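K.L.:
Any chance you can model this:
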Amino acid sequence: MAISVVKLGSPRGEGEGVRIGTVRRPPRGVPKEEFASRNYYDVWLPILSPSQALVTEAKAAATDAEWTAFVRSFTKEMKVPEASHVLDLLAALSHASQFSIGCYCESESRCHRSVLRRLLEERGARFAAEACA
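P.N.:
Numbering: from 1, shown residues only. Predicted coordinates for the structure are as follows:
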């Protein structure tokens, strides 16, 4: 059992389990009843998404320093009790369930998914062996 980290909208991996969308907004132009069938997500969990101001900051980050500032700010947002409790829950569930978390960004390295991965690792979460983008 483990967590996979995925790009929403990408084909599902074998045994990926429930796909959780950690995004601020649902996919544009996609009817709600088609989110899962189009490989976006089965469950929407926007509490694990950066605030709108930070989404804007992340998209504009052109330098490593700007990206580092985003990571620091998003990490701070994830320390609020509501988000922290959800991260604790997902870390615990990763030892008994197979599921995935994801965002729309092309590359995990410049996406809040990388921060979520680190925060979950710090909580002892298990991750799938395959590297997901």
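K.L.:
So for the helix or strand of the chain with the lowest mean pLDDT, what gets flagged as buried?
P.N.:
When the helices and strands of the chain are compared on mean pLDDT, DSSP states H and E, helix 52-60 comes out lowest with a mean of 94. Of the residues in helix 52-60, Leu54, Val55, Glu57, Ala58 count as buried by neighbour count, 16 or more other C-beta atoms under 10 Å. Yep, even glycine has a C-beta here, placed from its N, CA and C like the rest.
K.L.:
Pull the most distant pair out of those.
P.N.:
Greatest spacing in the buried residues of helix 52-60, by C-beta to C-beta: Val55 and Glu57 (7.3 Å).
K.L.:
remind me which residues of this structure are low pLDDT?
P.N.:
For the chain, applying pLDDT under 70 flags the ranges 130-133.
K.L.:
tell me the helices in it, going along the chain?
P.N.:
52-60, 64-77, 81-93, 112-122 (DSSP state H).
K.L.:
need those in CSV with distance to Arg38, can you?
P.N.:
Formatted as CSV, the helices of the chain follow (distance: least, C-beta to C-beta, whole Å):
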stretch, distance to Arg38
helix 52-60, 22
helix 64-77, 27
helix 81-93, 23
helix 112-122, 19
